[in-house]
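Undergrad: With the input below, show me the fold.
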Amino acid sequence: MAPEVAARGQAFTVTGTGFGTAEGTLTVGGVPASITSWGPTSIEATVPADAANAWQDVLVTTAGSAIHPGPFVGVAYTGTDADLQAFLNAQEAGTAVLLAARTYDLTAGAAALTVTNLELHGRGADATRLQLDATNMFSNEFDHSLNYDLQVLDSTIAGATIQVYSYGNTLFDTATVDMASGVRLIFYLGSLAFRNSSVTGDDVDLGASTGAEITDSVVVATDDTIWLRGDSVNVITGSSLAGGHVTIRGSTLRSLDADLTDSFASGSIHLSTNGAPILLENNPSIVAQGSIVLTNEGRHLGLGGVRVVGNEEIRVGVFTEDDAANFRVGSLHIDSLATTAPVLIEVANNALAFTGTLTVEAAGPRQLVLRDNTGSMGDPNTSGGISLVGMGQGPITITGNQLQATGTVSFGSPDMNNELFEVADNTFRVVGPGPSRLYAVPTNGTCRFTGNSIEVQSGAGGAPNVTVGCSAGTGTATLDFIGNEVSVTGTNAQLHVAGPALSEMLVEDNVLTSSHQLMVYSSANQVVVSGNEFHLQDYFLALGDYFASPTTVFRFEDNLITQRNPDTYGIYVTGAASVTLENNEATVLGTPGANVVALGASAVSGPLALTARNNTFTNYSRALLFMDDGTTQNSLPATVTNNVFDFPIDALAKPAELNNIGNAINATNNQWGTNTDAAVVEGYVYLSGNTVARGGTISIAPIKLPPAP
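TA: Prediction:
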């Protein structure tokens with residue numbers, strides 16, 4: 001092929017064999033060329049006027065066809081370093097310029113190298129190099145009345161500082177930008193794309209207005225910040241116009257702090273736009289020693305979505321293992337301010353490591369997704385957690401994650417708008433020296449917690465807490481809490497499964513462990529707690545709702561309860577209209593306190609009807625304690641039948657104490673330890689407070705005899 005470089009309208013020659021004598025066709029980059037002559041070993045043609053720039057393949061079609069590497073469509077520069085600017089100035093807009101495989105020393109120039117509406121091609125980033133100094137800018141024309149485009153391909157631009165200001169579109173392809181100081185590339189009306197390229201500077205500031213893209217590239221800020229903006233026009237004008245997308249795909253980003261001991265904390269990454277998507281996808285490594293902030297103003301058509309998907313490493317902060325003296329909290333913050341149409345914010349299939357917190361916030365309607373991520377938040381010396389909050393309406397999905405944290409994990413929304421809040425098949429481990437907490441109680445939705453493994457543990461004085469559930473607020477809501485394993489350990493540990501004001505609540509087939517308090521409370525119309533294991537340390541299992549009027553029908557069936565060294569109750573019931581306990585087994589491990597009651601019930605703010613049948617209570621100190629704790633007399637009718645109280649019943653109040661009760665309690669057909677005489681058991685009943693005055697009684701006979709030895 002000759003010549004190597006040919007302009008549009010210029011003749012070129014293709015040599016080879018087998019072309020034949022009959023004229024066929026020839027295309028340059030898919031565009032038909034005008035043929036001047038055709039022979040068996042040589043074809044002469046003219047570069048088409050509408051051929052694309054740069055390297056193009058030539059297709060020769062005869063009886064068969066063959067593709068040959070074609071010419072470079074454009075012009076070649078073969079002059080000196082000093083004449084390069086004049087040569088570029090003389091080219092027509094849109095021309096592709098091919099540089100030689102050498103270094104162009106431009107450090108002697110007093111003015112910026114200006115490339116106006118041209119494509120600048122090298123022979124490879126390792127072969128063609130443009131060397132600038134601190135006084136030079138590599139700039140496209142700064143004239144907002146003209147939309148100049150710029151392309152830099154197969155070249156290296158090096159020096160102290162590079163600044164490009166443009167109102168056109170810019171592409172760096174297989175290029176290297178290597179600056180000892182700053183990189184500032186701002187495109188006020190056009191787009192910016194880095195593909196298969198490398199960018200290095202102490203700080204890197206990139207911006208565009210119709211799309212900003214980094215693909216299969218490496219971007220490094222050695223001592224400051226990486227900025228990538230999709231709405232640069234707003235930075236200059238102060239307006240809030242819709243911006244373009246921000247996309248980083250298949251790339252490596254490093255934002256570093258060269259001196260961790262000084263007072264200036266650098267090393268952050270900021271991605272932002274307005275009303276267009278932000279996508280961080282399938283990148284091998286994203287590292288920031290400061291923080292990562294993804295912000296979408298999203299004021300236009302609700303298009304302020306953010307997706308962080310499939311990244312092999314997102315590492316934020318300075319870890320103790322990296323610098324034991326200068327560790328630093330670093331967080332990933334994702335924020336969408338869209339307030340109109342729904343947006344999608346998704347964090348999925350990433351490997352995450354932060355010394356701080358993953359924060360996801362959406363101001364308006366949204367779908368929030370946290371899915372299939374692995375990693376950790378926090379460090380032995382820092383508190384890290386997860387905060388996923390949707391302030392607007394819409395579904396939330398949290399599935400398949402395996403995440404650790406040292407601080408607080410919080411999921412929620414003040415208004416799900418009857419959408420689904422799903423937390424399924426996750427493993428959350430929250431372990432820290434201070435307070436460790438997991439909180440997830442959204443409002444006004446269908447809430448499902450299924451198949452999760454949750455461990456929360458705090459050091460001395462940490463008061464670990466897990467509160468999960470759903471709230472109706474001013475709307476309606478339901479809760480399914482099924483097949484989860486939850487463990488909370490540490491001083492004053494608390495585990496709450498909560499359902500304020502729900503229509504229905506199902507707690508089924510869970511294993512729930514707390515070293516202190518464990519409560520299942522709800523003011524739902526109907527609550528079913530079935531097939532669970534409850535393991536407690538020194539506190540009681542609380543059922544009902546302390547905080548609402550008792551209107552709930554509560555069923556507690558086929559559950560296993562173990563308590564180690566309790567000091568008050570086994571099961572304590574309050575705040576419900578009707579409670580049924582059936583086929584449960586409750587056992588004390590270790591030594592119970594002297595007055596630990598197997599089953600306690602309190603009518604506080606209204607009547608409580610209690611039924612307990614076919615339950616077994618083992619190794620407690622006392623059997624029953626029923627109380628009317630209301631400011632006025634309440635009703636507490638109770639039927640307690642066919643239960644086994646497998647511990648000694650041999651002193652006052654051990655079978656039952658009625659405090660301020662005005663009802664007749666049916667406690668017949670129960671096994672009371674090893675007692676065989678109902679009269680003996682009845683003699684141990686204790687009527688306290690105003691029970692006698694209110695006419696409260698309890699029936700013991702007949703009793704169920706203990707099994708024969």
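Undergrad: any idea how this protein splits into domains?
TA: Annotated domains of the chain cover 5-73, 81-169, 181-392, 393-537, 571-709 [automatic domain parsing].
Undergrad: is Thr61 in a bridge, and if so with what?
TA: Per DSSP bridges, the residues bridged to Thr61 are Thr25, Ser65.
Undergrad: Contact partners for Ser602?
TA: Contacts for Ser602 (C-beta atoms under 8 Å, 6 or more residues apart in numbering) come out as Tyr572, Val573, Thr574, Leu608, Phe626, Met627, Asp628, Asp629. C-beta here means a position set from N, CA and C on the backbone, and glycine is covered the same way.
Undergrad: Figure out the helix or strand that Asn234 lives in.
TA: If you go by DSSP states H and E, Asn234 is part of helix 232-237.
Undergrad: pLDDT averaged over stretch 90-104, what's the number?
TA: The pLDDT scores in stretch 90-104 average 88.
Undergrad: can I get the CA coordinates of that stretch in CSV?
TA: In CSV, the C-alpha atoms belonging to stretch 90-104 read as follows (Å, rounded to 0.1, in the frame of the first residue of the first chain):
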residue,chain,number,x,y,z
ALA,A,90,-2.9,25.2,8.6
GLN,A,91,-5.1,22.0,8.5
GLU,A,92,-8.8,22.0,7.7
ALA,A,93,-11.2,21.2,10.5
GLY,A,94,-11.7,17.5,11.0
THR,A,95,-8.3,16.5,9.6
ALA,A,96,-6.4,13.5,11.0
VAL,A,97,-2.8,14.3,11.6
LEU,A,98,-0.3,11.4,11.9
LEU,A,99,2.9,12.2,13.9
ALA,A,100,6.2,10.3,13.7
ALA,A,101,7.5,7.8,16.2
ARG,A,102,9.6,10.2,18.2
THR,A,103,9.5,12.8,21.0
TYR,A,104,8.4,16.3,20.1
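Undergrad: buried ones in it?
TA: In terms of neighbour count (16 or more other C-beta atoms under 10 Å), stretch 90-104 has its buried residues at Gln91, Thr95, Ala96, Val97, Leu98, Leu99, Tyr104.
Undergrad: nearest spatial neighbour of the first one, skipping sequence neighbours?
TA: Distances taken as C-beta to C-beta, 6 or more residues apart in numbering place Leu118 nearest to Gln91, at 5.9 Å, with adjacent residues excluded.
Undergrad: What values do phi and psi take at the one you found?
TA: When read as degrees, to the nearest 10, the backbone of Leu118 gives phi -130, psi 160.
Undergrad: Kindly state the beta-bridge partners for it.
TA: On the basis of DSSP bridges, Leu118 is bridged to Leu150.
Undergrad: ok, it touching Leu98?
TA: No. Taking contacts as C-beta atoms under 8 Å, Leu118 lies outside contact range of Leu98: 11.2 Å.
Undergrad: and the two most separated of the contacts of Ser602?
TA: Greatest spacing in the contacts of Ser602, by C-beta to C-beta: Tyr572 and Asp628 (14.8 Å).
Undergrad: out of the two, which sits in the busier spot?
TA: Asp628 (26 against 19; other C-beta atoms under 10 Å).
Undergrad: which regions of the stretch 601-709 of the chain lie under the pLDDT threshold?
TA: Scanning the stretch 601-709 of the chain for pLDDT under 70 picks out nothing.
Undergrad: mind listing the helices for it?
TA: With DSSP state H, counting those that start in this stretch, the ranges of helices along the stretch 601-709 of the chain come out as 678-683, 691-694.
Undergrad: can you list the domains of the chain in TSV and add distance to Glu557?
TA: Output for the domains of the chain, formatted as TSV (distance: least, C-beta to C-beta, whole Å):
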stretch	distance to Glu557
domain 5-73	73
domain 81-169	67
domain 181-392	33
domain 393-537	5
domain 571-709	5
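Undergrad: among those domains, which is nearest Thr552?
TA: Nearest of these to Thr552, taken as C-beta to C-beta: domain 571-709 at 4.3 Å.
Undergrad: first to last residue in that closest one, what's the distance?
TA: Distance across domain 571-709, first residue to last, is 29 Å (C-alpha to C-alpha, to the nearest Å).
Undergrad: What of stretch 307-326?
TA: Terminal residues of stretch 307-326 lie 32 Å apart, using C-alpha to C-alpha.
Undergrad: Quick one: distance of it to the chain centre.
TA: Chain-centre distance of stretch 307-326: 15 Å, with C-alpha atoms, centre = their mean, to the nearest Å.
Undergrad: Buried residues in it, which are they?
TA: Applying 16+ other C-beta under 10 Å to stretch 307-326 flags Arg307, Val308, Val309, Gly310, Asn311, Ile314, Arg315, Val316, Gly317, Val318, Phe319, Thr320 as buried.
Undergrad: Gly70 and Gln56 touch, don't they?
TA: Yes. In this structure, Gly70 is within contact of Gln56 by C-beta under 8 Å, at 4.6 Å.
Undergrad: Could you name every residue contacting both of those two?
TA: Contacts common to Gly70 and Gln56, judged by C-beta under 8 Å, 6+ apart, are Val28, Gly29.
Undergrad: for Ala86, phi and psi?
TA: Ala86 adopts backbone torsions of phi -60, psi -40, taken as degrees, to the nearest 10.
Undergrad: Any figure for the gap between it and Gly630?
TA: According to C-beta to C-beta, to the nearest Å, Ala86 and Gly630 sit 96 Å apart.
Undergrad: out of these two, which sits in the busier spot?
TA: Remark: of Ala86 and Gly630, Gly630 carries more neighbours, 17 against 9, as counted by other C-beta under 10 Å.
Undergrad: What sits closest to the more buried one if chain neighbours are left out?
TA: Excluding its sequence neighbours, the residue lying closest to Gly630 (C-beta to C-beta, 6+ apart) is Val604, at 5.7 Å.
Undergrad: how many other residues sit next to Asp629?
TA: 14.
Undergrad: Just to check, it is in contact with Ala603?
TA: Yes. Between Asp629 and Ala603 there is a contact at 6.9 Å, judged by C-beta under 8 Å.
Undergrad: so what's in contact with the two at the same time?
TA: Residues touching both Asp629 and Ala603 (C-beta under 8 Å, 6+ apart): none.
Undergrad: that older thread, moving C-terminal from the helix holding Asn234, which element do we reach first?
TA: Counting by DSSP H and E, the element after helix 232-237 in chain order, helix or strand, is strand 246-249.
Undergrad: For that following strand, which outside residues touch it?
TA: With contacts defined as C-beta under 8 Å, 6+ apart, strand 246-249 is touched by 211-216, 228-230, 271-273, 276-283, 286.
Undergrad: Narrow the buried residues of stretch 307-326 to those in strands?
TA: Within these, residues falling in strands by DSSP state E are Arg307, Val308, Val309, Ile314, Arg315, Val316.
Undergrad: quick one: which of those is nearest Thr474?
TA: The closest of those to Thr474 turns out to be Arg307 (C-beta to C-beta; 32.0 Å).
Undergrad: Before we move on, what's the pLDDT of that closest one?
TA: 93.
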